[in-house]
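> pasting a predicted model and its sequence here:
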Amino acid sequence: MIESIEPSKSITFIREAFQQGDIRYEDPEGAHRLAHFLDNKAIEIEKIMISDIEVSAEELKGVKPPQEVYKIIARRFLEKEGYHIIGYERWLCGGKVDVLAQHSSNKTVVAVECCSCRITKALDFLERENTILWILSLGESFPIHELPLFIVKRGPNWEKSIELYHQDRISELRKIKNILDKNP
């Protein structure tokens, strides 16, 4: 069973990466769970800065809102890193990603979320083999000169932690009673 941990810097870091101040994605339980994965080295999150970005009107053609500027920034960075774009607004593991790409040589898939995103997407996407989640942070103003990118991937203790997580979820689901269940 996954044990509770005290609030830590990890929870703050998770909120910074995923929620980015957007109250629509407030999820204390999810943040706590993901912080547990981070603290136990089941996931790794790297924060890098992307610098000096300019997006032209020509590049924006054919990219649907919302977050079209961020989608172009993600596309450029992905291509620079050897990925080819599969598409925008694609379904993956029960959720829609803003940009989906695959590496040309090692077949790693990157799901990119532009700005804030649901915390549960981290575990959903990472459960898929060879998948990494990138979260491109909200810029303060345009033109953007520096933009944080969070790279979320499996850590060395992924298998053990995800197994415990699933056992815990199954245990919790078994406790739920349906109105049709007979009283003991």
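Great, that's in hand. Numbers count the residues shown, from 1 in each chain.

> for S141, give me the pLDDT.
Here the pLDDT value assigned to S141 is 59.

> also G21?
On the pLDDT scale, G21 gets 85.

> which one is it nearest to, not counting chain neighbours?
Nearest non-adjacent residue to G21, counting by CB to CB, 6 or more residues apart in numbering: S116, 7.6 Å away. Just so you know, the C-beta spots here come from the backbone N, C-alpha and C atoms, and that holds for glycine as well.

> lowest confidence element among the helices and strands of the protein?
When the helices and strands of the chain are scored by mean pLDDT, DSSP states H and E, helix 57-60 comes last with a mean of 84.

> and that one, what other elements does it pack with?
Applying 3 or more CB pairs under 8 Å, 6 or more residues apart in numbering; DSSP states H and E, one finds that helix 57-60 contacts helix 68-80.

> identify all contacting residues around the helix it packs on.
Outside helix 68-80, the residues that touch it by CB atoms under 8 Å, 6 or more residues apart in numbering are 50, 53, 55, 59-60, 63, 85, 88, 98-99, 101, 110, 112, 114-115, 134, 136, 139, 142, 144, 147, 149.

> show me what secondary structure element comes after it.
strand 83-92 (DSSP states H and E).

> list the buried residues of that following strand.
Neighbour-count burial for strand 83-92 flags Y83, I85, Y88, L92 (criterion: 16 or more other CB atoms under 10 Å).

> run a quick neighbour tally on the closest residue to the last one other than its chain neighbours.
Just to be clear, that refers to L92. Closest residue to L92 apart from its sequence neighbours, by CB to CB, 6+ apart: A111 at 5.4 Å. Residues lying near A111 (other CB atoms under 10 Å) number 28.
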